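Trainee: Need a 3D model of the following:
(one chain, ligands or ions: 2)
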Amino acid sequence: MNSQTTSTVPVALTIAGSDSGGGAGIQADLRTFAFHCVHGTSAITCVTAQNTLGVMRVDPIPPEAVVAQIRAVYEDIGVQAVKTGMLINKEIITAVAEQVEALQIQNLVVDPVMVSRTGAQLLDNDAVNTLRHLLIPKAAIVTPNRYEAQILSSLPINSLDDMRAAAQMIHRNVRAKAVLVKGGGMQGNLRGVDIWFDGHKMETLTTKHVETKNSHGTGCTLSAAIAAHLALGSDLITAVRQAKEYVTSALSYALDIGKGQGPVGHFFPLLNK
Ligand SMILES: Nc1ncnc2c1ncn2[C@@H]1O[C@H](COP(=O)(O)OP(=O)(O)OP(=O)(O)O)[C@@H](O)[C@H]1O
Ligand SMILES: Cc1ncc(COP(=O)(O)O)c(N)n1
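Mentor: Ligands and ions are numbered 1, 2, ... in the order given. Next up is the predicted model:
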């Protein structure tokens, strides 16, 4: 068989934690990149022992090792878009922010991961301000869930209007260029509704609500899909819309594996055949 090589494939980088259960983190990100025909590269920030029931252990990677992974990818392969996920501590956030500056990373999607769906702390308490001051202002977009948006805006969120106020606050006070406040942690039908604000336009992005307990990894999948679409050339709001459609499909084909909250599924094209 003749081999076919391609030198023009878009490349995305995920800077995130490893999830041994394969539902979130690096594993979800690389699957999402692959689904979009984007070559996925990675810089692992920590190793979690994790499954559908919870997070049993977290081992951070030394910041120098995170930097070495980023530089190895950049200096040889080149990258069109980057996403960050679980960054765990202020030393790693500082090191990543320095690389964003040094490498002039533009298409940066920051998912400000703080707590897992199962309630485990994924970011040190003293690291929130580092994330707020050093990394979020450098991002093209930040994608907080309800809990993270409350922390970043210091506002309670119980309604759509609260989500809008938080998005405005995060834009103004945290100097995020664009904000997507995600509704997965809200009640009822609001779980499929996200708020977009870029300082000019406030938009309510709605997809159908999917009823499932298996939603582990939705946030990781969404931010990875935004990065994938940016790498493919979409503008930011289009990338967000496309990514949201992808997450809705992934939720519709979520995997009922393990004894707890299973992961969103990425096999829908195969299952549809
Ligand atoms: N039940 C649902 N039906 C439809 N869309 C949903 C549902 N739950 C979450 N979403 C969508 O999934 C995306 C991720 O939102 P969510 O608020 O769950 O993020 P997250 O808490 O960071 O996710 P996770 O921590 O599980 O990775 C958003 O676009 C949100 O609207
Ligand atoms: C390595 C890693 N990154 C991110 C999450 C958040 O995802 P979720 O809120 O679905 O648990 C996680 N649990 N583990």
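Trainee: Near ligand 1, which residues of this protein are found?
Mentor: Neighbours of ligand 1 within the chain, by C-beta under 6 Å from any ligand atom: 24, 117, 145, 182-185, 191-192, 194, 207, 209-210, 215-220, 222, 244, 247-248, 251. The C-beta positions use only the backbone N, C-alpha and C, and glycine is treated the same way.
Trainee: correct me, but Ser153 touches Ile170?
Mentor: Yes: counting by C-beta atoms under 8 Å, Ser153 does reach Ile170; the two are 5.3 Å apart.
Trainee: of these two, who's got more company?
Mentor: Shown here are Ser153 and Ile170; by other C-beta atoms under 10 Å, Ile170 has more neighbours (27 against 24).
Trainee: Ser154 is in contact with that one, correct?
Mentor: No: using C-beta under 8 Å, Ile170 is not in contact with Ser154; the gap is 9.9 Å.
Trainee: the strands in the stretch 1-150 of the chain, which residues?
Mentor: For the stretch 1-150 of the chain, the strands defined by DSSP state E, counting those that start in this stretch occupy 11-19, 39-50, 55-60, 81-84, 108-110, 141-142.
Trainee: Compute the distance between the residue nearest to Ser252 when sequence neighbours are not counted and Arg71, please.
Mentor: In this structure, Ser252 finds its nearest non-sequential neighbour in Val210, 5.5 Å apart by C-beta to C-beta, 6 or more residues apart in numbering. Plainly put, Val210 is 39 Å away from Arg71 if you go by C-beta to C-beta, to the nearest Å.
Trainee: When the two are compared, which one has more neighbours?
Mentor: Taking other C-beta under 10 Å, Val210 and Arg71 do not tie; Val210 has more neighbours (19 against 14).
Trainee: Show me what the helix or strand containing Arg172 is packed up against.
Mentor: Using DSSP states H and E, Arg172 sits in helix 160-173. Here helix 160-173 touches helix 146-153, strand 179-181, strand 193-197, strand 202-206, going by 3 or more C-beta pairs under 8 Å, 6 or more residues apart in numbering; DSSP states H and E.
Trainee: and the protein, which residues reach ligand 2?
Mentor: Taking C-beta under 6 Å from any ligand atom as the contact definition, the chain meets ligand 2 at 16-17, 19, 24-25, 48, 50, 85-86, 113, 116-117, 122, 216-217, 219-220.
Trainee: In helices, which of those residues appear?
Mentor: Judged by DSSP state H, the residues of the chain next to ligand 2 include 25, 219-220 as members of helices.
Trainee: can you tell me the distance between the two ends of stretch 142-151?
Mentor: End-to-end span of stretch 142-151 (C-alpha to C-alpha, to the nearest Å): 13 Å.
Trainee: Give me the contact list for it.
Mentor: For stretch 142-151, the surrounding residues in contact (C-beta atoms under 8 Å, 6 or more residues apart in numbering) are 109-115, 128, 136, 152, 155-157, 163, 166-167, 170, 174, 176, 178-186, 219, 222-223, 226.
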